[in-house]
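Enquirer: quick one: sequence and predicted model below, then my questions.
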Amino acid sequence: MSEIDTKMVALDEVTKTYSLGETAVRALRGITLEINRGDFIAIVGPSGSGKTTLLNLIGCLDRPTSGVVLFEGEDVSLLTKNQLADIRNAKIGFVFQHFNLIPVLTAFENVEFPLFLRDLGKNERQEMVISALQKVGLEDKMGRNPFELSGGEQQRVATARALAGAPDIVLADEPTGDLDSVMGGKVIQLFKELNKVGTTFVFSTHDPLIMEYASRIVRLRDGKIVSDR
Amino acid sequence: MMIIVNGLITGMLDRTITNSVELETGHIKVYPQGYHEKADLLPTTMSISSYTHVIDLVQDVKGVTTAVPRIRAGGMLQNKETTRVIINGIDPEQDSKVRDLRKHIVKGEYLANDENIVIGEPLANRLNIKLHDEVVLSSVAADGAPVSNLFTVNALFCTGFSSYDGTMVFLPLQHAQKLLTTDGVTEIVVIVDNPEDVKTVTADIRETLHSNGLPLEALHWEQLSPELAQFAEMEKSMSFLFLSIVIIVAAIGILNTMLMAVYERVKEVGVMAAFGYKPRTILGLFVLEGLIIGVMGAAIGCILGLGINYYFSQVGIDFAGADVVEFMETHIYPRLSVSDVVYPFVFAVLVTLLAAVYPAYKASQLEPVEALRHV
């Protein structure tokens, strides 16, 4: 494989500053990072160290204040909203820290709605949804609304939603935060299996047990990378 | 609310105008030239002598349903007491095509062509007149001489309009002519096929009269009863003002509800955007949702409004003491035209749609991460 093929995302001296009222919050202060296809990366660090902001930039949900984010060689800052939306739909799966399930939709529909944008038949789409829910062990609760599910079950629906479209890269913000150690272990095992067949994973975590599964750990502190190994 | 108010106003105006047309003005009246200016004085010196010829001419005008002769004069009705009345000489059969007095008769028989009269029940009560009593009717003849005659009260009527019931006296045309020593009539009352065309038909009648060299004038109901036309205009202005207030309040209510509903879902917009939904697609979904909510809400509102309107159209609403203009009934039965329902429906759908589109547009323009951070 050439260098272009293996490099999925590259960040060069990336900064991100938010304004909170009159205060400027410097969430990232010069991040340089390369994510290769097949990586299984844990981003760790204390709260407020910039983990979520970094995941948002990798996932084309946000644009950097300065520096360059290249997604498969394309400068994210130069792409239009629609181009970024196409990339997110086709290539990226997200597991959000607070699940962000749509309350009026069932578990099945929550997993299904990103697939409506794909050129898929109804049967094919439904098979993909059922397969994703089976992978997270929720095939018997697919007709329930989020409020009828426990926090752990909601997290698993969110995981199924991220995986259903077979994305090239999955970005997960504290994917095991609301799960017990057994279920957390199962989810990471699932990630690991998918990683073996080529899906790239980048996830943030505080859990030392989960970190053990990572092939690479990036440590953040105050918006900077303090170690990457 | 808009439908109910529209129904009430339309019902009230329709009935008032219909009553006025039926009982008093007709759609059009043909007068001797100059009579209208003096109509309050009920002059018998001005009359249409060749009225059957005029009626034939008028009935040939396109849009005219019927034309009937009447003679009106001021007079006195005398029993043991005396009171001022308005004498109406009518052709009993012909006149019932315009003003069906029969349906207002509460005692006795309608006019036959003999020396009988019909008076209002309140007038009879006031003068202590019983059915079949003999009364003296006096007036001033066409030549200015005082005249009087004895008549039998054949029937009592009651329209419910106190000034009308208290002053109108009806008798057969030929006896009125005999009393007033005239061969003519003071007016010809015209009913048209379509009340919307009344102004055109009036102009056509005027043209016919003029081309035949007749010194007569034709006036439509708005000219004959300007206070009623003004009342209708005033009611329309008042209802417009009231409806404007209702519209503003309703619009603020709908806007507020939709704005809240969409702002609560900004995070959902963020999730949709995160999974690849484009701003245009997100906006389209919210527009569709706003349209569905708008149509459903407007349909429910219309059904409720129509239901309430139907209920009151059956039982009526009592506005006793609010009869500010003659021939306005105190018991109003709301009525609706198609536009009274269509406009509020379209308005409600449009406001809901606008209220949904604005916040959805704003949300769809946010970076996904900003929408996701929305609380």
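Expert: Nice, I can see it.

Enquirer: count of neighbours near the residue in chain A that chain B sits nearest to?
Expert: Going by CB to the nearest CB, chain B is nearest to residue A:89 of chain A, at 2.3 Å. Just so you know, the C-beta spots here come from the backbone N, C-alpha and C atoms, and that holds for glycine as well. When neighbours are counted by other CB atoms under 10 Å in any protein chain shown, residue A:89 registers 21.

Enquirer: which residue, other than its chain neighbours, is closest to it?
Expert: Excluding the flanking residues, the one nearest residue A:89 by CB to CB, 6 or more residues apart in numbering or on different chains is residue B:276, at 2.3 Å.

Enquirer: doesn't the one you found lie inside a strand?
Expert: No. Looking at residue B:276 with DSSP: H, G, I helix; E, B strand; the rest coil, it is coil, so not inside a strand.

Enquirer: would you agree it is in contact with residue A:85?
Expert: Yes. Judged on CB atoms under 8 Å, residue B:276 makes contact with residue A:85 at a distance of 4.9 Å.

Enquirer: before we move on, the earlier item: what number of residues lie near the residue nearest to residue A:89?
Expert: So residue B:276, with other CB under 10 Å, has 25 neighbours.

Enquirer: what about it, distance to residue B:48?
Expert: 85 Å (CB to CB, to the nearest Å).

Enquirer: also residue A:90?
Expert: 91 Å.

Enquirer: the two - which one has more neighbours?
Expert: Using other CB under 10 Å as the criterion, residue A:90 and residue B:48 rank with residue B:48 on top: 24 against 14.

Enquirer: dump the residue contacts of the residue in the stretch 201-350 of chain B positioned nearest to chain A.
Expert: Closest approach between the stretch 201-350 of chain B and chain A, counting by CB to the nearest CB: residue B:276, at 2.3 Å. Residues in contact with residue B:276 (CB atoms under 8 Å, 6 or more residues apart in numbering or on different chains) are A:85-90, A:114, A:117.

Enquirer: residue closest to the middle of chain A?
Expert: residue A:171 (1.5 Å; CA atoms, centre = their mean).

Enquirer: tell me the secondary structure at it.
Expert: Quick answer, by three-state DSSP: residue A:171 is strand.

Enquirer: you'd agree it is up against residue A:92?
Expert: Yes. If you go by CB under 8 Å, residue A:171 and residue A:92 touch, sitting 6.5 Å apart.

Enquirer: show me where the chain has strands.
Expert: This is for chain A. Under the criterion DSSP state E, chain A contains strands at A:7-20, A:23-36, A:40-44, A:66-71, A:74-75, A:92-95, A:169-173, A:200-204, A:216-221, A:224-228.

Enquirer: actually, chain B is the one I wanted.
Expert: B:28-32, B:64-78, B:82-90, B:105-108, B:116-120, B:134-140, B:146-157, B:168-172, B:187-192, B:216-220, B:317-318, B:331-332.

Enquirer: between those strands, which one is nearest to chain A?
Expert: Nearest to chain A, of these and by CB to the nearest CB, is strand B:317-318 at 42.4 Å.

Enquirer: for the closest one, packing partners?
Expert: strand B:331-332 (3 or more CB pairs under 8 Å, 6 or more residues apart in numbering or on different chains; DSSP states H and E).

Enquirer: just to revisit the earlier point, quick check, pLDDT for the residue nearest to residue A:89.
Expert: Here, the pLDDT recorded for residue B:276 equals 91.

Enquirer: any idea how far it is from residue A:168?
Expert: Noted for residue B:276: a distance of 13 Å to residue A:168, by CB to CB.

Enquirer: just give me the neighbour total for residue B:236.
Expert: Residue B:236 has 13 nearby residues by other CB under 10 Å.

Enquirer: kindly report the same for residue B:93.
Expert: Neighbour tally, residue B:93, other CB under 10 Å: 11.

Enquirer: do a quick rundown of the helices in chain A.
Expert: Assigned by DSSP state H, chain A shows helices spanning A:3-6, A:51-58, A:81-91, A:107-112, A:122-135, A:151-164, A:181-196, A:208-211.

Enquirer: can you list those helices in TSV and add distance to residue B:78 and mean pLDDT?
Expert: As requested, the helices of chain A are exported to TSV (distance: least, CB to CB, whole Å; pLDDT from 0 to 100):
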stretch	distance to residue B:78	mean pLDDT
helix A:3-6	119	56
helix A:51-58	101	93
helix A:81-91	94	92
helix A:107-112	89	95
helix A:122-135	93	93
helix A:151-164	96	89
helix A:181-196	107	84
helix A:208-211	113	83
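
Enquirer: and of these, who's closest to residue B:333?
Expert: helix A:107-112 (50.4 Å; CB to CB).

Enquirer: mind checking pLDDT for the residue lying closest to residue B:294 once chain neighbours are set aside?
Expert: Leaving aside its sequence neighbours, residue B:294 sits nearest to residue B:352 (CB to CB, 6+ apart; 3.2 Å). Listed pLDDT for residue B:352 reads 80.

Enquirer: ok, now how distant is residue B:352 from residue B:289?
Expert: Relative to residue B:289, and taking CB to CB, residue B:352 is found at 10 Å.

Enquirer: more crowded one of these two?
Expert: Taking neighbours as other CB under 10 Å, residue B:352 and residue B:289 compare with residue B:352 leading, 25 against 18.

Enquirer: tell me who's in contact with that one.
Expert: B:254, B:258, B:290-291, B:293-294, B:297-298.

Enquirer: would you list those in CSV and tack on neighbour count?
Expert: Shown next, in CSV, are the contacts of residue B:352 (neighbours: other CB atoms under 10 Å in any protein chain shown):
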residue, neighbour count
B:254, 24
B:258, 26
B:290, 24
B:291, 16
B:293, 19
B:294, 24
B:297, 18
B:298, 21
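
Enquirer: format these as a markdown table; extra columns: pLDDT.
Expert: As requested, those are arranged in a markdown table below (pLDDT from 0 to 100):
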| residue | pLDDT |
| --- | --- |
| B:254 | 75 |
| B:258 | 74 |
| B:290 | 81 |
| B:291 | 85 |
| B:293 | 83 |
| B:294 | 83 |
| B:297 | 84 |
| B:298 | 85 |
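
Enquirer: tell me which entries of those lie within helices.
Expert: B:254, B:258, B:290-291, B:293-294, B:297-298.

Enquirer: just give me the closest of those to residue A:74.
Expert: For the ones in helices among the contacts of residue B:352, the nearest to residue A:74 is residue B:290 (35.3 Å; CB to CB).

Enquirer: that closest one contacts residue B:361, doesn't it?
Expert: No. Residue B:290 is beyond contact range of residue B:361, at 11.2 Å (criterion: CB under 8 Å).

Enquirer: pLDDT value on residue A:10, please?
Expert: Reading off the model, residue A:10 has pLDDT 94.

Enquirer: nearest residue to it in space, please, no chain neighbours.
Expert: Closest to residue A:10 by CB to CB, 6+ apart is residue A:70, at 4.4 Å.

Enquirer: which bits of chain A sit near chain B?
Expert: A:56, A:59, A:61-63, A:81-82, A:85-90, A:94, A:96, A:100, A:102, A:113-114, A:117, A:161 (CB under 8 Å from any CB of the partner chain).

Enquirer: please indicate which of those residues are buried?
Expert: A:56, A:59, A:61-63, A:85-89, A:94, A:96, A:100, A:102, A:113-114, A:117, A:161 (16 or more other CB atoms under 10 Å in any protein chain shown).
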